[in-house]
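S.K.: my questions concern the predicted model and sequence given below.
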Amino acid sequence: MAEITLKIEGMSCQHCVMSVKKALSGIKGVTSADVTVDNATVIFDGSKTNRDDISKAINDAGYKVVG
């Protein structure tokens with residue numbers, strides 16, 4: 001298992017947090033996602049997904065990964 005923490009811009013409320021959690025839960029290989037208004041800490045199986053896939057899901061949900 002691997003763990004990353006991503007800084008996210010554009011989230012301002014619990015609805016935003018839930019949108020990102022939903023996007024992350026749809027990625028095969030993601031086992032856990034702790035999301036706050038400022039960032040997301042994601043635990044995932046590196047053989048099934050990667051940072052780029054995770055960042056893309058967050059961006060596709062309407063938010064911007066900045067770090």
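M.R.: Right, received. Where do you want to start? Predicted model, so just to flag it, every value in this text is computed and none were measured. Numbering: from 1, shown residues only.
S.K.: please identify the buried residues of the lengthiest helix in the chain?
M.R.: Longest helix in the chain by number of residues (criterion: DSSP state H): helix 14-25. Going by neighbour count (16 or more other C-beta atoms under 10 Å), the buried part of helix 14-25 is 16, 17, 19, 20, 23, 24. For glycine as for every other residue, the C-beta is placed from the backbone atoms N, C-alpha and C.
S.K.: next SSE downstream of it?
M.R.: Per DSSP states H and E, the first helix or strand lying C-terminal to helix 14-25 is strand 30-35.
S.K.: could you identify the longest strand within this structure?
M.R.: strand 2-9 (DSSP state E).
S.K.: from the chain's centre, how far out does that one sit?
M.R.: Taking C-alpha atoms, centre = their mean, to the nearest Å, the mean C-alpha location of strand 2-9 is offset from the chain mean by 7 Å.
S.K.: can you classify the residue nearest to residue 26 when sequence neighbours are not counted by secondary structure?
M.R.: Distances taken as C-beta to C-beta, 6 or more residues apart in numbering put residue 57 closest to residue 26, at 6.9 Å, once the chain neighbours are dropped. Under the three-state scheme (DSSP: H, G, I helix; E, B strand; the rest coil), residue 57 adopts helix.
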